[in-house]
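>>> Quick one, what's the 3D model for this:
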Amino acid sequence: MQASDLFEIFEDSDTVAPAGGVKTWVDIVFDNLCLHGQVDLAVLLRWRRVSREWRGALNHALPLLRQVSFPIGVTLEGHYQILKQLGEGAYGFEPGDDKQTWELAMADAKKKASGSKVVIKRIHDVIEDKSCVSDIDDVFVPGKLLLRELKLLRHFRGHENIIGITDIQENPRGQNMFKDIYIVTDRMDCDLGRIIRSSQPFSDYHVRYFTYQILRGLKYIHSANVMHRDLRPANLLVNANCDLKICGLGLARPSAVWLVTSTGRKAGLIAKWYRAPEMLLGKKDCDKYDKSIDMWAVGCILAELLLRKPLFPGGDWLDMIQRQVAFIGNPPVEDQKERVKTFLASLTKVQNPGLKTVFPNASGPALDLLDRLLQFNPLKRLNAEQALAHPYMAELHDPEDEPKCEAEFEFNYETKDNLTEASIREMVFHEIKQYHNPMGKPRPKG
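From the prediction side, this is the model:
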């Protein structure tokens, strides 16, 4: 975007120019901020925060800048209006992780025909080969992660507590041509983590309602023989009505998988704070893990809702285990596998401080549910269906309105021979075609 282009946008708009006129504003931004004629929204946002001199002009221009810095191309522009850019980052993992991931941009938008609010997520170079070793799978392939999430969200389509995709478009168009994709999803206001960190007061009913919706969504996911594996507040989206939807299914797997030696050991992911002991201990503890790891994560999230801060904000895997043991106490001998007994015996002996001490304002039923979720032994944790039937959920629980998925999800497409760039591209393109095409035209193959 050249300075002259931005000048024309302002001239053609109904915007009232700041003091000195539009040309003066363009000169200020592009000459004094040394942007060399390129729109850089991130730089402009930083300058708005730190430079009082330019704040008025930048505030005045941001609505238009957000639109021109998020081009949606001809396939979507006739049907959606960009309201503002929500942010940029990497797709798949938390900021600060050293893995190569896609460039991601998100924008608030609305459908021109109906006026309904949506979010458009633009993922750049989606099929580019950026495979590397991850701390959860032996090989992390971003294209595979995207394909898995697209397939899962289509499989779970229609559930009220799982984020829904309403449209997908590729750019440029065509199976052999596209580099970027645009995913249109339900509009949610923020993630649960932002609400937890906010100063907004919580009632016990808020805690219960959020937890209930997480469990209701998990029951559906688990009944399809799928475990989420990345359940955390950032992957729980909430709107102003306190409706909650689960997202972030790219790391989901069948409900029982073999552990690799490195599982749970590398530091760097905030998701570590919600990881179950058996994943942190890796092969010291067990050869397999299952969907009970999601139930541990629900316990961590319930505790975070009660505390308004993370329960186990640890560093590496050893720090995490020490924090978990300090909270739940040394696990009984019968809950310890032979391979982990020596290690656990080396930890400082601690006594469970008592949940009422840590959560003095929480109700008895809430603490009982928390205790039944944060069990060291995964066999002793409640599953999603049992947790929904817990007395803490009695006011909300309705077995007739807590459906199971009608069919299990098949991961057979993820065989090793299918992990080529060409096959992933073909399968992603197939997923794109499953959604409504706003232009109503067939997509070319190349």
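>>> What does Ile120 show for phi and psi?
Ile120 adopts backbone torsions of phi -110, psi 120, taken as degrees, to the nearest 10.
>>> Give me the neighbour count for it.
Residues lying near Ile120 (other C-beta atoms under 10 Å) number 22. No exception for glycine: its C-beta is placed from N, CA and C like everyone else's.
>>> just use 53 as the starting number from now, easier for me
Understood, numbering begins at 53; the last thing we discussed is Ile172.
>>> Please state the mean pLDDT value computed over the helix or strand harbouring Ala474.
Assigning secondary structure by DSSP states H and E places Ala474 in helix 473-485. Averaged over helix 473-485, pLDDT sits at 87.
>>> same check, this time on stretch 164-175
Across stretch 164-175, pLDDT averages out at 86.
>>> ok, now stretch 264-278?
The pLDDT scores in stretch 264-278 average 97.
>>> list the contacts for Asp241?
Counting by C-beta atoms under 8 Å, 6 or more residues apart in numbering, Asp241 makes contact with Val290, Asn291, Ala292.
>>> Three-state assignment for Tyr444, please.
Secondary structure, DSSP: H, G, I helix; E, B strand; the rest coil: Tyr444 is helix.
>>> who touches it in this structure?
Counting by C-beta under 8 Å, 6+ apart, Tyr444 touches Arg260, Thr263, Ser415, Pro417, Ala418, Asp420, Leu421.
>>> Mind doing that once more with 10 Å?
Residues counted as contacts of Tyr444 (C-beta atoms under 10 Å, 6 or more residues apart in numbering) are 256, 259-260, 263-264, 354, 415-422, 424.
>>> just to revisit the earlier point, tell me which residues in the helix holding Ala474 are buried?
Under the neighbour-count criterion of 16 or more other C-beta atoms under 10 Å, helix 473-485 has Ile476, Arg477, Glu478, Met479, Val480, Phe481, Glu483, Ile484 buried.
>>> Go through the contacts of Tyr444 and flag which are in helices.
Among these, DSSP state H puts 256, 259-260, 263-264, 354, 416-422, 424 in helices.
>>> Could I get those in TSV, plus columns for distance to Ser250?
Output for the ones in helices among the contacts of Tyr444, formatted as TSV (distance: C-beta to C-beta, whole Å):
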residue	distance to Ser250
Asp256	17
Val259	14
Arg260	18
Thr263	18
Tyr264	21
Leu354	18
Gly416	27
Pro417	25
Ala418	20
Leu419	24
Asp420	27
Leu421	24
Leu422	22
Arg424	28
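>>> what's the domain layout of this protein?
As recorded under automatic domain parsing, the domains making up the chain are 55-120, 126-238+467-485, 242-453.
>>> now do the same end-to-end measure for the longest one.
If I follow you right, that is domain 242-453. One end of domain 242-453 to the other measures 25 Å (C-alpha to C-alpha, to the nearest Å).
>>> Can you list the residue ranges for helices in the stretch 153-302 of the chain?
Secondary structure of the stretch 153-302 of the chain, counting by DSSP state H, counting those that start in this stretch: helices at 194-207, 244-249, 256-275.
>>> right, so of those helices, which gets closest to Trp325?
Smallest distance to Trp325 across the helices of the stretch 153-302 of the chain (C-beta to C-beta): 10.9 Å, for helix 244-249.
>>> if we look at the closest one, which residues are touching it?
So helix 244-249 is contacted by 241, 252, 254, 258, 262, 265-266, 284-290, 294, 296, 322, 353, 356-362 (C-beta under 10 Å, 6+ apart).
>>> Mind listing what's buried along that helix?
Leu244, Gly245, Ile247, Ile248.
>>> Tell me the pLDDT of Val91.
Reported pLDDT for Val91: 45.
>>> What of the one 4 residues further on?
Confidence at Val95, expressed as pLDDT, is 48.
>>> Same check on Pro115?
So, for Pro115, pLDDT stands at 53.
>>> out of the contacts of Asp241, which is most surrounded?
Val290 (20 neighbours).
>>> For that one, list the residues it contacts.
Val290 neighbours (C-beta under 10 Å, 6+ apart): Met240, Asp241, Cys242, Asp243, Leu244, Gly245, Arg246, Ile247, Phe262, Gln265, Leu296, Lys297.
>>> same thing but 6 Å
Taking C-beta atoms under 6 Å, 6 or more residues apart in numbering, we find Val290 in contact with Leu244, Ile247, Leu296.
>>> any idea how far Glu458 is from the second one?
Here the distance between Ile247 and Glu458 works out to 32 Å (C-beta to C-beta, to the nearest Å).
>>> Put the alpha carbons of the helix holding Ala474 into PDB.
Presented in PDB, the C-alpha positions along helix 473-485 are these (Å, rounded to 0.1, in the frame of the first residue of the first chain):
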ATOM      1  CA  GLU A 473       2.700 -31.800   0.300                       C
ATOM      2  CA  ALA A 474       0.600 -32.800  -2.700                       C
ATOM      3  CA  SER A 475      -1.800 -35.100  -0.800                       C
ATOM      4  CA  ILE A 476      -2.200 -32.600   2.000                       C
ATOM      5  CA  ARG A 477      -3.000 -29.900  -0.600                       C
ATOM      6  CA  GLU A 478      -5.600 -32.100  -2.200                       C
ATOM      7  CA  MET A 479      -7.300 -33.000   1.100                       C
ATOM      8  CA  VAL A 480      -7.300 -29.400   2.300                       C
ATOM      9  CA  PHE A 481      -8.900 -28.400  -1.000                       C
ATOM     10  CA  HIS A 482     -11.500 -31.100  -0.600                       C
ATOM     11  CA  GLU A 483     -12.400 -29.700   2.800                       C
ATOM     12  CA  ILE A 484     -12.700 -26.200   1.300                       C
ATOM     13  CA  LYS A 485     -15.200 -27.500  -1.300                       C
END
